[in-house]
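S.K.: Give me coordinates for this.
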Amino acid sequence: MPDQHKPATASSDVPDREELARLVAEADTGGREPRSKAARTVLYLTALAWALFQLWYASPLPFQLRIGVFNATEARAIHLAFALFLVFAAYPATKKAPRDYVPWYEWMLGLVAAGCSLYIFLFQADLARRPGLPTTLDIVVAVIGVVMLLEAARRSLGVALPIVGILFLCYAFFGPYLPDLIAHRGASVPRAATQYWLTSEGVFGVALGVSTAFVFLFVLFGALLERAGAGNYFIKVAFAMLGHFRGGPAKAAVLGSAATGIISGSSVANVVTTGTFTIPLMKRVGYPPVKAGAIEVSSSVNGQILPPVMGAAAFLIAEYVGIPYSEVVRHAIIPALLTYISLFYVVDIEARKFNLQGLPRKRYRSTLMSMALFGMTAAAFVIFCWVVGFALGWTRDVFGAGASWAVGIGTILLYLGLLAARSRFPDLADEDPNNPDLILPDTAKVAPTGIHYILPVFILVWCLMVEQLSPGLSAFYGTCALIILVVTQKPLIALFRGQRQVMEALRSGVVDLFEGLVTGSRNMVTIAIATAAAGIIVGTVALTGIGLVMTEIVISVSGGNLLVMLLMTAVICMVLGLGMPTTANYVVVATLIAPVIVEVASLNGLAVALVAVHLYVFYFGLMADVTPPVGLASFAASAISRADPVRTGVQAFRYEMRTAILPLIFIFNHQLLMIGVTSWWGLALTVSMSLIGMLMFVSVTQQIFITRSRVWESAMLLAACFMLFVPGQVMDRIIPAMVSAPASEIEQRAAAVPAGEFLTVEFSGIDISGNDYTRLVRLPMGEAGDGATRLSNAGVQVIEFGGQAQVTNVRFRSQAERLGVTIGDTVSAVMVRNPDRPPQELVFIPGLLLIGAVAALQWRRRQWDQPGMPKKQQAMA
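M.R.: Alright, predicted model coming up:
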């Protein structure tokens, strides 16, 4: 049996790049590459036209020039038409279908499918004049459109989503023949055609709207940033900074994949982009092939949860919950940091197990100096962002209406200065990871070569988080900045270097721009199809009322127990994840199960924030690319590592247990989502204790802390994790956190809630079955103001009389409605903080003491039980 700890030979490590390219194409852009120049030109121009349309739709120019203005329905129809045409042209129908040319019937199918979508655009006015009364032509177009959409989903996403869609269609039509529990009166063909295709209640609903308005621009932003060279830069910087540490290539893979996650919304593309370089290097320093691939999978998949550019499902969360996308980013930042920092700990433990070393570097630095350099670089970036933010705020006071021009000129000057500094350094070469003489570069020489890539990202984040612009408009401005960068960086660098090939460099920049636009469109196809196909499930729920039935079924199966309900939801997400992408998985589960979780939680006396529930579903949907036997990211990694894909997926799932535990934590501890955190020291304490708890949880799953853990030591660490993760739940067992105040004080209490926080209210009423219920609800109070206004902004209007309060109105699609509040509910009590309850942070003390006790025990025996020591030596010791 070969020694896994010896460096692998170069020949065994070299991945088949063509095979990897085909794998990414099959998953993201389509596996067909026609040889015909005419066919390639049609595909190229279609993708380019789609990108230009989306840029025009997102820009303020149509409204300023009063030309080319499209409403939401028209834009969604055009958006889906592009996607459908590209699917039938670029994705072969079967494995045996031709890859090197597009058959004539595929062109026809693409045109028919696109025509069915454009029918909504062309005849929108006529359809609006006859709502619910479709003509024969309307019905024919709708039926063909749904069939074509399901076929497009099968080609681009696999069979899982089409099967789910067909099951929901069957449920809609065969309702009268089903068992009583799930029976309904059924839908006629005209009614179904109207629901699924001719209105915004089905395919052209919220999910496709988010794909049209927001997601495309973010995917395009990532594609252009990658084309500009940011992906290679991020990987090289990660290796220069971390490659020399113990197990350095794995740590660099984590950092590189996190940075690449900013520019790639695809787990498979992330694995291939970084894994082609990182996995062979991990194998070289001694990581077994399975673990090398699994580390890359874990770090790449988690890129979808890393703000500010999260996966497509994050935009759907903002739409479904009814909050700005910037709020989703704020809530998601701490869990994302915890999962990546803990992954560093995972790879360090694996390096300790096998006593692995890092790679050599050109100039020797001590570990302390390297860590100091890393810390100073991170601090410099934070200070830079703060200074720029301060300067932007200062320009408003000085320049007034001309502040935008001043900021623009300042940004251009900064860009030119960064390029002038960058021109003094050589271009980053694509090094061979299988080269046995590979030596890590000096960080000081690599870091300056791509600092200018930060500018478009900073503009995007500034517009999104500070200016509070819409995600679409923020992405538009960020993309415009990136377009300028892609076109001008090469000629400007050539100019600063005194080279004569300025015009040649400019032509190269223009080519990069068009290639980036086309790549962005091709990467967007699967997301557009997924969101559209998921609209069939959403339409069925609205048409049949199956959501209420699901609530009754799940509550009955779970026995009304919230924890059982949460575990059931996790299993459902992972089962659906066997064949569906994260976006479609989220839409299905969020439509069916998320309201049930809210219902069960409120009836169990747990006031859970709606965003926590949707993030819970989102996180478990991420397992789609990991869970064997269908996890595409695991297959991509195994193609590079030459390991078994199922074993790689199982190992990656084991690593991902640290990510899977996070949703269960923030459902019960909202402070991880920055809800209820009122001070900086409270935030620092929450983050630090949660991080310690996460590291201890990793130690339990890996069975190593200071040295190998015994069973009872792992049990002690688990108990400590519980105390550090959910201190409020522990303290609640002793003294309740909330006490009730009179219902008549609801407006007074609402006015007293700090800005951005929640008011916990207990409502009581009678359900449709005539049963009494009491539910606990957390209503977001938003900005400061009087109580009545803040309650109204949350979606509920209350009238007080005789010392009681009753709900008189609940706004449609408001947070209050989504949380189950209904007209006629009575306010039983307003929950306020218990003044006699000691701080829940006291629970941290026994948790830390347990960790200290385990550390002391393991420290004493570390000399004869080292993880990297062979078992024979351990026995001799």
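S.K.: Same question for stretch 803-817: list its buried residues.
M.R.: 805-807, 810, 814-817 (16 or more other CB atoms under 10 Å). C-betas here are computed from N, CA, C, even on glycine.
S.K.: End to end on it, go ahead and measure it.
M.R.: 24 Å (CA to CA, to the nearest Å).
S.K.: again with stretch 119-132
M.R.: 16 Å.
S.K.: which residues are in contact with it?
M.R.: When contacts are defined by CB atoms under 8 Å, 6 or more residues apart in numbering, stretch 119-132 is touched by residues 73-74, 76-78, 81, 134, 138, 141, 145, 191, 194, 197-199, 204.
S.K.: how about the nearest residue to residue 568, chain neighbours excluded?
M.R.: residue 558 (6.0 Å; CB to CB, 6 or more residues apart in numbering).
S.K.: Show me where this structure dips below the pLDDT cut-off.
M.R.: Within the chain, the stretches with pLDDT under 70 are 1-29, 261-266, 308-311, 361-404, 430-438, 576-580, 624-625, 627-631, 769, 863-877.
S.K.: Domain parsing of it, as residue ranges.
M.R.: 1-544+627-660, 545-626+661-732, 738-833 (automatic domain parsing).
S.K.: which one of those lies closest to residue 846?
M.R.: Comparing the domains of the chain against residue 846 with CB to CB, the closest turns out to be domain 545-626+661-732 (6.1 Å).
S.K.: Write a ChimeraX command that selects only the buried members of the contacts of stretch 119-132.
M.R.: Only the buried entries of these go into this ChimeraX selection, using 16+ other CB under 10 Å:
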select :73,74,76,77,78,81,134,138,141,145,194,197,198,199,204
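S.K.: nearest to residue 44, of the contacts of stretch 119-132?
M.R.: Taking those together and measuring to residue 44 by CB to CB, the closest member is residue 81, at 17.3 Å.
S.K.: Helix or strand: which one has the closest one?
M.R.: helix 72-90 (DSSP states H and E).
S.K.: For the following helix or strand past that helix, buried residues please.
M.R.: Counting by DSSP H and E, the element after helix 72-90 in chain order, helix or strand, is helix 104-122. For helix 104-122, a neighbour-count test (16+ other CB under 10 Å) marks 106, 109-121 as buried.
S.K.: could the residues you listed be laid out in JSON lines, adding distance to residue 789?
M.R.: What follows is those, written out as JSON lines (distance: CB to CB, whole Å):
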{"residue": "106", "distance to residue 789": "57"}
{"residue": "109", "distance to residue 789": "54"}
{"residue": "110", "distance to residue 789": "52"}
{"residue": "111", "distance to residue 789": "53"}
{"residue": "112", "distance to residue 789": "52"}
{"residue": "113", "distance to residue 789": "48"}
{"residue": "114", "distance to residue 789": "47"}
{"residue": "115", "distance to residue 789": "49"}
{"residue": "116", "distance to residue 789": "46"}
{"residue": "117", "distance to residue 789": "42"}
{"residue": "118", "distance to residue 789": "44"}
{"residue": "119", "distance to residue 789": "44"}
{"residue": "120", "distance to residue 789": "39"}
{"residue": "121", "distance to residue 789": "40"}
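S.K.: Residue 35: which of those is nearest?
M.R.: Closest to residue 35, out of all of the buried residues of helix 104-122 and judged by CB to CB, is residue 106, at 15.0 Å.
S.K.: contacting residues for residue 50?
M.R.: 79, 82-83, 86, 521, 524.
S.K.: distance of residue 345 from residue 259?
M.R.: When CB to CB, to the nearest Å is the yardstick, residue 345 and residue 259 sit 19 Å from each other.
S.K.: who has more neighbours, these two?
M.R.: residue 259 (21 against 18; other CB atoms under 10 Å).
S.K.: Just confirm the more buried one contacts residue 234, I think it does.
M.R.: Yes. The pair residue 259 and residue 234 passes the contact test of CB atoms under 8 Å, sitting 3.6 Å apart.
S.K.: Where does residue 809 sit: helix, strand or coil?
M.R.: strand (DSSP: H, G, I helix; E, B strand; the rest coil).
S.K.: Is it bridged to anything, and to what?
M.R.: Beta-bridge pairing for residue 809 (DSSP bridges): residue 797.
S.K.: which residues does it contact?
M.R.: 796-797, 823.
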